[in-house]
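Student: build the 3D model from these lines:
(3 chains)
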Amino acid sequence: MFLASPRAQKFRPRPWLIAALLVAAAFADSVASPVRADEPADALAAAAEKKTAAELLPAGTILYAEVSKPGELVDALLNHPLRKRIEALDAYRALVLSKPYLKFTFGVSVAETALGMKWDEAVKTLAGGGVHLGIDAHTQGGVVLIRATDAQKLAEVRDKLLAFARGDAKKKGQGDPIQEIDYRGAKAFKLGDGYAATLGPWLMLTNKAETGKLVIDRVADPKETSLGGKMEFLSARNGVGEKCAAWAYVDVATLRSAGLLAKVLQDKTDNPGAELIAGGVLSTIGETPYATLAVHLDDQQLRLVASAPHDPRWVKKPREFYFGPNGKGAAPIALHPEHTALSLTTYRDLGAMWMAAPELFDEKGNAGLSQADSNLSTFFSGKEFGREILGAFAPEWQVVLARQGFATTSGGVPDIKLPAGAIVFRMKEPEKMQRQLKVSFQSIVGFLNIIGGQNGLPQLEQNTERLASGTVISAEYMLDDDAQRNNGKIYHNFSPTVAVVGDRFIIASTKQFAATLVDAASTPGSTGESPSKTAAPTNTALEIDAAVVHKLLDDNRAQLVAQNMLEKGHAKEQAEAEIGTALEVLSWFDKASLRLATPSDRVDLELAVRFKPAESAK
Amino acid sequence: MNLNTVDPAWAWSAFEPSGESPWNRAAAAHLFRRVGFGASSRELDEAVARPPDEVARQLVRGERASPSVARDFEALADTVAASNNPEGLAAWWLHRMLHTTDPALEKFTLFWHGHFATSAAKVREADLMLAQNRMFRTRACGPFEKLVQAVSRDPAMLLYLDSATNRKVRPNENYAREVMELFCLGLDNYTERDIQQTARAFTGWEVRNGKFKFNAFQHDTREKTIFGQRGNFDGDEAVRIILAQPAAARFIALKLFRFYVCDEPAPRPELVEPLATMLRENDFQIGPVVERIAGSQLFFSRLARGRKVRGPVDLAMNVLKALETTTNTKRLFSDLSALGQGVLYPPNVKGWDGGRAWLNSSTLLGRANLVRRLVDDSKDRFAGGDLAALVEKHANSPTQAVDWLAELLLAAPIGDEARNTLAEVAQNKDKPRGCANLVHALATLPEFQLG
Amino acid sequence: MSTRRDFLKAALGSSAVVALGAAAPRFLVEAAARESNAQGETVLVVVQLSGGNDGINTVVPYGDDVYYRNRFTLALEKDKLHKLDDYHGLHPSLGGFAKLVDERRLAIVQGVGYANPNRSHFESMDIWHTARREPQGRSVGWLGRYLDAAAKARDASAPASDLSALHLGGGQYPLALAALDVVAPSIRSVDQFKLQDGGDRRLREAIEKLSATARPGDDDLLSFVQSSTAAALASSRRLQDALGKYSPAAKYPGTKLAQSLSTVAQLIDAGMATRIYYVSLDGFDTHSEQKDAHASLLAELGDAVKAFVDDLAGHHHADRVLVMSFSEFGRRVRENASRGTDHGAAAPMFLAGGKVKPGLVGKHPSMTDLDDGDLKHHTDFRQVYAAVLKNWLGWSPAEILGGEYAPADVLA
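Tutor: I've put the predicted structure just below:
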């Protein structure tokens, strides 16, 4: 009917709710149905009781994921310090009052009434033994295995729900919605497109009958091979350890042989950027048997660790730029000046990568590079950019971004306040390289002046300053009297500068920042060698300071509000509220880091997000 | 009655509602569309409750405009211009057109932007485009002479026409030519000699660092002869002499006629003459002429209603205003550009031709696709909610929905067969889809292209 | 010649058709579309090579020692060239062009330029775009002038129909297409020619029905919009049908130029009335380390044009489509110190299609009789334009080019 009256909209159970009820109905079957009396079923239940989820899954399982203690996870989430802060948000209060949310909570309470317990209690009782997911390559089906702690409770719940589901169907004049299937002494139920079965304390849900049968096979016949019996899986589980909220295992070897990774494992890529960021890891994926992902959550931080066995010999010569010779390359110690928003330290031999381009990239990738090469050598007096320029730097380098203050600068203040940025290299032969790099900087500044002049930008003036610890060659915009028109222009963010301190070569977006880095580089402690080259060299480390990012965004709040107004059509107040909420959420976080490390036989990629304790948060 | 036979005295006399031409929602919608960018259902109800001359006057004069809203728009413009992206500034202008409390002023500004066409594609500086846009807005309704004199100093315009330097020894005739041909007189109303002499009057008018500068060393101080008048004229005086030509008032009156009354056919000279006379006798004040047009018998007659091919901006704004939509104006800008009317980016110094030139097989489909996108965009809000809820508030049946929307969006009436077809489109089990399809189907109607 | 536009006008404007009911006009429109496919007008596809293509390393005078003396690092090995005769050879990457020469579908017009060459990219490109040597009057392009003139000659009351010219592939809008009255849009994808009906057939039919009905005859403007809308919807349907079914008769490389040209081929095959398509390939400003970069650009050009012409031939359009490539200037005879070349003057143009005068047209300019280190032109580019205007687009060149230029002998 067109334009039905809103009154006509009564509560109707959502499909997911019906599904949940039906699933719960299936639970109790092993306890209450006549099947229970069945001898083979009892034996089956006893056998299943002794198995772990991995032992129930076939050996061809390509993806396995587990939340071993759902109750604890629920508690951790419910009692998490962030929860209070989320609830304090205006946006959250608005959500709680919104129609969809009210419908949702109503749905939950209906389900709770039907189950006879609160939802968190239900999770602990019905899934206290863990929730597990497996995807089988052979049958291309997925299985969820849930282990209950209180089978008795399950039985009661099941009876209620089964009755509810059948009663509901009857009321609508439909037949029995549940179809029963027997297989090797186990009883399974077909509900819509899904199947469910109970095996001792286990509830099994699957979308494919064939996959479900594989699980029952493993209970019925101890000789069947299982995921739990695979060496790779056992060592994966050992590697992950006990203390994580959830973890997952991926059978990379099988994915690879199925050709599913062909796209990322192409011999040559057309994307130098992707190669630079992920090249070495792709070598790992090309050879490693499996990978794991572990999730750790506590009041202080959320940590995700992806890990895979790794052997430096898997990395072919052209890719040596990535992990270094024998995989021993390590990121340098970071310079960490005040107000650092982002710091990236890495081992990446750019010169080696540039020179290996013909082996690394396809025609298109190489065409791009050779064009860049030809443009760049103009600035480097005809020197070969890859070998003679990039190759002159050590492979350990750092990129750093920091919030800059504008009050002290004599020039204008930009309306859009960008962070200052720098890249810090070490020169292999400082004496020889310094002069070349200085001259190149001069040519680039000259070039910028020509281009800028054509576009009405002020000219850059070069200055060389010798500080106690190093030399700073800066290019600053010459501002004329017409300051009024020029104030606010974006170029006030920049005064391109290079600096030499010891064997370090710094390219910075502002003179001020270069000087700060020169100071930082000459303070004791920052000049040491790369950290431990022994145990677990960190190949790449990215650190973000949320508090500084917060300030950076806050500096540009007016811009963000304007963007929001134009892109979402919001009124000013609405846009301000939205940006305010986003910044508020950001203020809950302290630091985030991403770390790529290569312990002797693994590659680890760790993402950690630290929460700010409530009292210090704004 | 047609444009060739209509009596000028009747045409410009004050609108008197009659049985044939009543003051109703459709008439009010026409007024808001032409003088502004369309209106919501509520605004139409409010308008028909008052006499038409009062509604037209208040609209043209911006008597109901809120100064604080205008100040907020200005502050927002400064912020947006800071990123020096003229497209962002264009999005800001569309945002302003949509949410302004003075729609007639934005319409005037759009008119002058098309008349003194300057493209950011060449100027490239957002702050110069903004300064020009503000200048048009400030001078929109006032004496035309002041406007032309301001345009002659406008850095964006001078950069656009390559007149940033104009030297004594080699006067640049480009600007002088456009002043005559496109801005003030029209073809065949001047000689090449007038152009050369006027160019000399503008020598020394330069742009330095984004600002207008008079360079006395480069100004030609010798005597010039412009339209028979002799003297040591500068640019301002040249403009005054040009505007004193009889063709000037006719040229501007005709342009206003085409913008506010109808695209075609070309009106007889005597029909436009009363407007030209009004300009001449009134210090070339623009506002009063538009006020007269918008309150006239001709304006509300069938010779004017639905007699213009709507430009993409008019068309999109009408939909957005009528359906009280909030939307992403950056995206809107890029869609309008594809349809041929990227504001701040006119195609050439002539501005947008308008009329039938708006339409071709790509833009006709593009117009419907734009409307489809607006009603499908999950982020768009209609009166703060979804489209179906808004339609439901005003219509109890598919047929009512068709009539309600047709009144808001169409200037020309549609036949019963089309009404029935549209009602069938609206009839859909999926209510939001039915509404979206209905608006989309309306947007494909030939009548939808007319305003 | 009865064009599709005339036919539409006759079909849609007639009240007899209206009397037949809503279904009739679409049937007629489709019939008109078929007719347009059968006897389509000629089409010009301009491929602009931006940056100044090194003509000497494109059509290589390998029979001249002067070449090897001046191109000490950039000279191409004799054995790898696609030899045209015992003096000229095409760059090794131009295998596509070499095949087109064999198939008699490529004309290589040598020594094209203009007097007192300007070596600024912008100036020279403007000169090529506007066909005007002096800066005055450069606001309108040569193709734009043609479009304006052709539009004026058309019946003004005919429905607005398919676009007369299109720019594809993004990038800067070519001044060549800038016109005073006609807007030749820049399109990002063919989606701009499709009605986004979300695959809803009921809606689509309703929409077609809504504009199929002729409006009252006394409202000329509304009648115009109605017939234009019906034509646009028919064109959209035709294109959607055609694109769904289109199977290229050649394998296009994955390059951007090839993708643009493959779109052009689809539009041509769908029976669009567009007569001019404009695409660009950037990156020819090879001042240093030219060898690899130039080779890959030429490969992109040659392979894309070859695939395009093959595709057109496979769909029987090769004889009505002419591809014309040009660059704003060639490069100096002598290479520079950074293994590149600097801005020069005369260079070859390429014309491809079923109706070109195949092979080399004109002599290679002398490698020794130079103008300040640059090759001298013997054919003015406006002579090539004149040939295209007169013999391909059917328009008098003089009014477009602002002077009399003897058409170059490039078309069969």
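Student: how about the strands in chain B?
Tutor: Assigned by DSSP state E, chain B shows strands spanning B:205-208, B:211-214, B:224-226, B:229-231, B:325-326, B:381-382.
Student: against which helices or strands is the last one packed?
Tutor: Looking back up the chat, that one is strand B:381-382. Helices and strands touching strand B:381-382, by 3 or more CB pairs under 8 Å, 6 or more residues apart in numbering or on different chains; DSSP states H and E, are strand B:325-326. For glycine as for every other residue, the C-beta is placed from the backbone atoms N, C-alpha and C.
Student: and the strand it packs on, anywhere near chain A?
Tutor: Yes: judged by CB under 8 Å from any CB of the partner chain, strand B:325-326 comes into contact with chain A at B:T325, B:T326.
Student: which elements pack onto that strand?
Tutor: Secondary-structure packing of strand B:325-326 (3+ CB pairs under 8 Å, 6+ apart): strand B:381-382.
Student: write out the residues of chain C neighbouring chain A.
Tutor: Counting by CB under 8 Å from any CB, chain C sits next to chain A at C:254-255, C:283, C:286-290, C:292-293, C:296, C:337-340.
Student: tell me the one of those nearest A:V96?
Tutor: Within these, the smallest distance to A:V96 is 51.2 Å, found for C:G254 (CB to CB).
Student: in which helix or strand does the closest residue to that closest one other than its chain neighbours reside?
Tutor: Once flanking residues are discounted, C:G254 sits nearest to A:K364: 7.6 Å by CB to CB, 6 or more residues apart in numbering or on different chains. Element membership for A:K364 (DSSP states H and E) is helix A:363-379.
Student: residues near C:G171, how many?
Tutor: By other CB atoms under 10 Å in any protein chain shown, the residues close to C:G171 number 15.
Student: whoops, C:K291 was the one
Tutor: Using other CB under 10 Å: C:K291 sits among 17 other residues.
Student: likewise for A:K170?
Tutor: The local packing of A:K170 (other CB under 10 Å) involves 12 other residues.
Student: if I pick the residue in the stretch 1-150 of chain B positioned nearest to chain C, what's in contact with it?
Tutor: Distance from chain C to each residue of the stretch 1-150 of chain B (CB to the nearest CB) is smallest for B:A121, at 8.1 Å. Neighbour list for B:A121: B:Y345 [criterion: CB atoms under 8 Å, 6 or more residues apart in numbering or on different chains].
Student: can you pull the contacts of the spatially closest residue to A:S522 that is not a sequence neighbour?
Tutor: In space, A:S522 comes closest to A:S469 once its chain neighbours are excluded; the distance is 3.6 Å by CB to CB, 6+ apart. Contacts for A:S469 (CB under 8 Å, 6+ apart) come out as A:V501, A:G502, A:V518, A:D519, A:A521, A:S522.
Student: of these, which belong to strands?
Tutor: Counting by DSSP E, the contacts of A:S469 place A:V501 in strands.
Student: of the contacts of A:S469, which is the most crowded?
Tutor: When neighbours are counted by other CB under 10 Å, A:V518 leads the contacts of A:S469 with 26 neighbours.
Student: wait, it touches A:R466, no?
Tutor: No: here A:V518 does not reach A:R466: they are 10.8 Å apart, not a contact under CB atoms under 8 Å.
Student: you'd agree C:M125 is in a helix?
Tutor: Yes: under DSSP: H, G, I helix; E, B strand; the rest coil, C:M125 sits within a helix.
Student: so it sits against C:G51, correct?
Tutor: No: between C:M125 and C:G51 there is no contact under CB under 8 Å: 9.4 Å.
Student: need the residues touching each of the two.
Tutor: With CB under 8 Å, 6+ apart, C:M125 and C:G51 have common neighbours C:E328.
Student: re the thing from before, what is the nearest of the contacts of A:S469 to B:H113?
Tutor: Nearest to B:H113 out of the contacts of A:S469 is A:V518 (CB to CB; 51.1 Å).
Student: from A:V295, how far off is the closest one?
Tutor: Distance, A:V518 to A:V295, using CB to CB, to the nearest Å: 41 Å.
Student: before we move on, what about A:K263?
Tutor: Look at A:K263 and A:V295: by CB to CB, they are 27 Å apart.
Student: the two - which one has more neighbours?
Tutor: Between A:K263 and A:V295, A:V295 has the larger neighbour count (other CB under 10 Å), namely 16 against 7.
Student: so which strand or helix has the more buried one?
Tutor: strand A:291-297.
Student: for B:L271, which non-adjacent residue is closest in space?
Tutor: Nearest residue to B:L271, sequence neighbours excluded (CB to CB, 6+ apart): B:P8, at 5.1 Å.
Student: and the pLDDT for that neighbour?
Tutor: Per-residue confidence (pLDDT) for B:P8: 96.
Student: over to C:A156?
Tutor: 62.
Student: what helices and strands are in contact with the next helix or strand after the helix holding A:K364?
Tutor: Reading on from helix A:363-379 to the C-terminus, the next helix or strand found by DSSP H and E is strand A:396-402. Of the remaining helices and strands, those touching strand A:396-402 by 3+ CB pairs under 8 Å, 6+ apart are strand A:340-347, strand A:420-426, helix A:511-522.
Student: which of the ones you listed has the lowest mean pLDDT?
Tutor: Among the helices and strands packed on strand A:396-402, helix A:511-522 has the lowest mean pLDDT, at a mean of 92.
Student: show me what the strand holding A:V295 is packed up against.
Tutor: Using 3+ CB pairs under 8 Å, 6+ apart: strand A:291-297 touches helix A:70-78, helix A:231-240, strand A:246-250, strand A:301-309.
Student: quick one: which of the ones you listed is nearest C:R145?
Tutor: Of all those, strand A:301-309 comes closest under CB to CB, at 62.1 Å.
Student: count of residues packed around the closest residue to chain C within the stretch 401-550 of chain A?
Tutor: Using CB to the nearest CB, the closest approach of the stretch 401-550 of chain A to chain C is made by A:Q454 at 10.4 Å. Residues lying near A:Q454 (other CB under 10 Å) number 8.
Student: measure stretch C:247-258 end to end?
Tutor: 15 Å (CA to CA, to the nearest Å).
Student: pull out the buried positions in that stretch.
Tutor: Neighbour-count burial for stretch C:247-258 flags C:P248, C:A249, C:A250, C:Y252, C:P253, C:T255, C:K256, C:L257, C:A258 (criterion: 16 or more other CB atoms under 10 Å in any protein chain shown).
Student: chain A - how does it break down into domains?
Tutor: With domains defined by automatic domain parsing, chain A comprises A:11-229, A:408-530.
Student: mean confidence for the longest one?
Tutor: Put plainly, it is domain A:11-229. Computed over domain A:11-229, the mean pLDDT rounds to 81.
Student: is chain B within reach of that domain?
Tutor: No: for domain A:11-229, no contact with chain B is found by CB under 8 Å from any CB; the gap never falls below 11.0 Å.
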